[in-house]
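Chemist: my questions are about this predicted structure, shown below with the sequence.
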Amino acid sequence: MRATAKSLGFATAFVLLVAMPATFAEGPVTPTKPKEAGFTSEGLARIDSYLKSEIQAKTMPGAIMMIQRNGETAYFNSFGLRDPDTKEPMTPDTIFRIYSMSKAGPARERATRAMRDLPPRTEARTPASIVVS
């Protein structure tokens, strides 16, 4: 019984760590033209300038931004440093842990407001009240 449980655990670990990532790997990302995905080059340029200004202000060391719509990659770029201590640059293939998924809703709202050239919200909001149309 113990050997079967151990073998099952090993098989599960193998599938999760080796087989699953290979299944979902798609290779390098090649962005389409922004207009084909429903975006403007000017709007995407505002994202560039915003992220660069945040990195210069030392709010964050670096970032990777990818925007997709209807399966088309409209925008994919990396900014700043992967590791501020070694000055290693952020690259499109950088992998890092996402510690808190509760940030995704507010981040989407901020990005949408920036794309629409709207001012940021200042009032406190609960995650359930965040709706971006």
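Modeler: On my side now, so go ahead.

Chemist: any weak-confidence spans in this structure?
Modeler: Low-confidence segments of the chain, defined by pLDDT under 70: 1-29, 100-102, 123-133.

Chemist: please enumerate the strands of it.
Modeler: With DSSP state E as the criterion, the chain has strands at 62-69, 72-83, 88-89.

Chemist: want to try JSON lines for those strands, with mean neighbour count and distance to residue 38 as columns?
Modeler: In short, each C-beta sits where N, CA and C put it, glycine included. Compiled in JSON lines, these are given as follows (neighbours: other C-beta atoms under 10 Å; distance: least, C-beta to C-beta, whole Å):
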{"stretch": "strand 62-69", "mean neighbour count": "16", "distance to residue 38": "6"}
{"stretch": "strand 72-83", "mean neighbour count": "17", "distance to residue 38": "7"}
{"stretch": "strand 88-89", "mean neighbour count": "12", "distance to residue 38": "30"}
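
Chemist: turn the ones you listed into a markdown table, columns for distance to residue 40.
Modeler: A markdown table is the format used below for the strands of the chain (distance: least, C-beta to C-beta, whole Å):
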| stretch | distance to residue 40 |
| --- | --- |
| strand 62-69 | 12 |
| strand 72-83 | 10 |
| strand 88-89 | 28 |
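
Chemist: among these, which comes closest to residue 105?
Modeler: Between residue 105 and those, the shortest separation by C-beta to C-beta is 16.1 Å, and it involves strand 62-69.
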